[in-house]
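Undergrad: have a look at this fold, sequence not included:
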């Protein structure tokens, strides 16, 4: 019996230590970081892009967010649960493809087709973060990021 008591105390101490460490990580991982709210317009030679999407990527922080342009050619960056992105430098890409909004099925199932492309053609070089050479420095608060593609 005397051998089991010290063993039981060490197991309890070990569990308490693990729980304390885990609690500190959980407390430190809250949504307390302030964000930069991002809006803007993308144009090609001055004409607003209304059919496509924009990507903001920060590989160092493992962040990649894509959002569609509205009918006026504007965009608003939002993650799945928050408005904006953490501050930092982001690489940006623009493409003529849109992501789904949940209003229609992905592929098949109905005779509906994707809406025809409208607005100016986006040069292919801007479609990938690695080739676009577009970037944005996001700060806490409101950020307006307009891009005029040539």
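TA: Arrived safely. As the structure is a computational prediction, the values presented were derived from the model and not from experiment.

Undergrad: quick check: phi and psi at residue 68.
TA: phi -80, psi 160 (degrees, to the nearest 10).

Undergrad: what's the separation between it and residue 87?
TA: Distance, residue 68 to residue 87, by C-beta to C-beta, to the nearest Å: 24 Å. Heads up, the C-betas are built off the backbone N, CA and C, glycines and all.

Undergrad: what's the weakest-modelled helix or strand in the protein?
TA: Lowest mean confidence among the helices and strands of the chain (mean pLDDT, DSSP states H and E): helix 4-28, at a mean of 50.

Undergrad: and residue 143, what does it touch?
TA: Applying C-beta atoms under 8 Å, 6 or more residues apart in numbering to residue 143 gives the contacts 36-39, 136.

Undergrad: assign a three-state SS to it, would you?
TA: Classification of residue 143 into helix, strand or coil gives strand, according to DSSP: H, G, I helix; E, B strand; the rest coil.

Undergrad: use 39 as the first number for this chain going forward.
TA: In the new numbering, first residue 39, that becomes residue 181.

Undergrad: burial measure for residue 75, as a count.
TA: The burial count assigned to residue 75 is 17, neighbours taken as other C-beta atoms under 10 Å.

Undergrad: helix, strand or coil for it?
TA: Following three-state DSSP, the label given to residue 75 is strand.

Undergrad: isn't it right next to residue 122, touching?
TA: Yes - with the criterion set as C-beta atoms under 8 Å, residue 75 and residue 122 qualify as a contacting pair; they are 4.2 Å apart.

Undergrad: now for those two: what residues contact both?
TA: residue 115.

Undergrad: who does residue 179 form a beta bridge with?
TA: In this structure, residue 179 bridges to residue 74 when assessed by DSSP bridges.

Undergrad: hang on, it packs against residue 77?
TA: No - under the contact definition of C-beta under 8 Å, residue 179 does not touch residue 77, with a separation of 11.9 Å.

Undergrad: nothing else from me, thank you.
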